[in-house]
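**Q** Got a sequence here, can you model it:
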Amino acid sequence: MRVALLGSGRGSNAEAVLCAQAEGRLGKAKIVGIYCDIPTAPMLQLGPKFGVPAFFLDPGPFKTKFSPEQEAFWADTLSEHKVDLVVLAGFMRVVKAPLLERFANRIINLHPTLLPAFPGLDGIGQTWRANAPEGGCTVHWVTAEVDGGKHLGQSRVVREASDTQETFAKKIHQAEHALLPKVIAELAEKFSGR
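**A** Here you go, the predicted structure:
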């Protein structure tokens, strides 16, 4: 299963997936490209480090969404690269029709809360401010509803009395780094059996 990693920043989740691949934990999945919407994002440096092609693709003029033309360009590029699964790993744009149609039921997202609680931006901050007794992360299918697709896996993180928002966030990120490669490997196993 040919996998594309889409992100917008440091790329810590993408790095966790690439490490899992290097250690043989992705099973029948292969990362074929890193795609980023910010030309200076550290995520792009993961390409040379792991021997995976890394691309900056222009998203258009908007901050949190694509222009329709650029989203179609991204969909065309991923299709040309024969991508089977698109993984949103810290990707800070809302995905709409061109990508959702071209990659229907083939886009997953990692969200830093126990969905359906706290969808949208700043999930960890939302969880913290709500004094929730636990947080965590969810991998889900991407649909037109933001953070609304069917869940593929969740990891729970207990909020300890000694936690600060920073330590709580760190534990959630560790859970993300374990969950995302696991779900990709499981999907690759199902994909190979089709």
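**Q** Next SSE downstream of the helix or strand encompassing residue 124?
**A** Using DSSP states H and E, residue 124 sits in helix 123-129. Downstream of helix 123-129, the next assigned helix or strand under DSSP H and E is strand 134-141.
**Q** In terms of secondary structure, what does that following strand contact?
**A** Applying 3 or more Cβ pairs under 8 Å, 6 or more residues apart in numbering; DSSP states H and E, one finds that strand 134-141 makes contact with strand 107-111, helix 123-129, strand 151-158, helix 165-192. Placement of C-beta: from N, CA and C, glycine included.
**Q** try 6 Å
**A** Judged by 3 or more Cβ pairs under 6 Å, 6 or more residues apart in numbering; DSSP states H and E, the packing partners of strand 134-141 are strand 107-111, strand 151-158, helix 165-192.
**Q** Deepest-packed of these, please.
**A** strand 107-111 (a mean of 23; mean count of other Cβ atoms under 10 Å).
**Q** which residues are in contact with that strand?
**A** Strand 107-111 is contacted from outside by 13, 86-89, 123, 138-140, 142, 147, 176, 180, using Cβ atoms under 6 Å, 6 or more residues apart in numbering.
**Q** For the residues you listed, work out which two are farthest apart.
**A** 86 and 123 (20.3 Å; Cβ to Cβ).
**Q** Give me the distance between the two termini of stretch 128-146.
**A** 20 Å (Cα to Cα, to the nearest Å).
**Q** what distance separates it from the middle of the whole chain?
**A** The chain centre lies 13 Å from the centre of stretch 128-146; the measure is Cα atoms, centre = their mean, to the nearest Å.
**Q** Could you do stretch 109-118 as well?
**A** On Cα atoms, centre = their mean, the centre of stretch 109-118 falls 12 Å from the chain's centre.
**Q** end to end, how far does that stretch reach?
**A** Where stretch 109-118 begins and where it ends lie 15 Å apart, using Cα to Cα.
**Q** List the buried residues of that stretch.
**A** Within stretch 109-118, the residues scored as buried using 16 or more other Cβ atoms under 10 Å are 109-115, 117-118.
**Q** any chance of those in TSV, with distance to residue 96 and pLDDT too?
**A** Listed next are these as TSV, based on distance: Cβ to Cβ, whole Å; pLDDT from 0 to 100:
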residue	distance to residue 96	pLDDT
109	14	97
110	19	97
111	18	97
112	22	97
113	22	98
114	26	98
115	20	98
117	24	97
118	22	97
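**Q** Distance to residue 168 for these - can I get that in TSV?
**A** Formatted as TSV, the buried residues of stretch 109-118 follow (distance: Cβ to Cβ, whole Å):
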residue	distance to residue 168
109	21
110	17
111	16
112	10
113	12
114	13
115	17
117	15
118	13
